[in-house]
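> Just need the structure, nothing else, for what follows:
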Amino acid sequence: METSTEVPVASAIWAVEQVAAELRETYLGVAAAMVLLERVGAGCTHPDLRLARRSGGDALDLAAEVDQQVTDGVRRLRVAAGHVEPGTIGGLVEALDTVHSQWSAAAGRIRQLPARVTAAGQQLRDTAPAEAAPTDPTGVTEAITRQGLHDTETTARQWQYAAEQLDLMAECLASAVAALGSYTDGLSGATT
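Numbers count the residues shown, from 1 in each chain. Coordinates of the predicted model:
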């Protein structure tokens, strides 16, 4: 049977969890906007743009701090109310196994992307404009063609670099998965 104090506490927990869920959703939107800002503002040193980057980064840091504070408070209230067991090694292993599975799945998906980006770059190279016809007395077509070749080659090189970065990302995730698996195996051995 619930006591008179459990209902307001449960209500407060529910309310703050809703805020945390909205904060996490908003965080993802802000993070995506930060990535876009970095892409379009790369190399720009204008003070307003630097301030926008810095402020956006600060907002993300603060959101992470708020999420941590809210989560810690909810956990303490649940433990105090007896609704959640204090952390156990088994619970930790279970959580780490979840992270392991998610990272492993992400690594698997990312391993597929470099080949697709490389293929798109090759397709772009294969469809590059041909040299200008020699009958063009103005040279305009030739200049446009050279510009098109330059842009095509630059883009293809950037995409190849992106594919290499994706390979590195997959390697990093694979390394993280292996390290986490080793750690979890050690913890699991401690529980048996």
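
> and the helix or strand encompassing Ala119, what other elements does it pack with?
In this assignment (DSSP states H and E), Ala119 forms part of helix 89-126. On a contact count with 3 or more CB pairs under 8 Å, 6 or more residues apart in numbering; DSSP states H and E, helix 89-126 meets helix 140-191. For every residue, glycine as well, the C-beta is placed using N, CA and C.

> Next, the angle helix 89-126 makes with the helix it packs on.
Calculated by axes from the mean of the first three to the mean of the last three CA atoms, to 10 degrees, helix 140-191 forms an angle of 160 degrees with helix 89-126.

> please begin residue numbering at 51 from this point
Noted, 51 is the first residue going forward, which turns the last one into helix 190-241.

> Local confidence estimate at Asp199?
No Asp there; residue 199 is Leu. Per-residue confidence (pLDDT) for Leu199: 55.

> go on, the one 10 residues further on?
If you check Trp209, the pLDDT there is 89.

> Low-confidence ranges, this structure, go.
For the chain, the stretches flagged by pLDDT under 70 are 51-56, 131-137, 179-200, 240-242.

> switch to 80 and redo it
Along the chain, segments meeting pLDDT under 80 span 51-60, 127-142, 178-201, 237-242.

> Now the helix holding Ala169: buried residues?
Residues of helix 139-176 classed as buried by neighbour count (16 or more other CB atoms under 10 Å): Val143, Leu146, His150, Trp153, Ser154, Ala157, Ile160, Arg161, Pro164, Val167, Thr168, Gly171.
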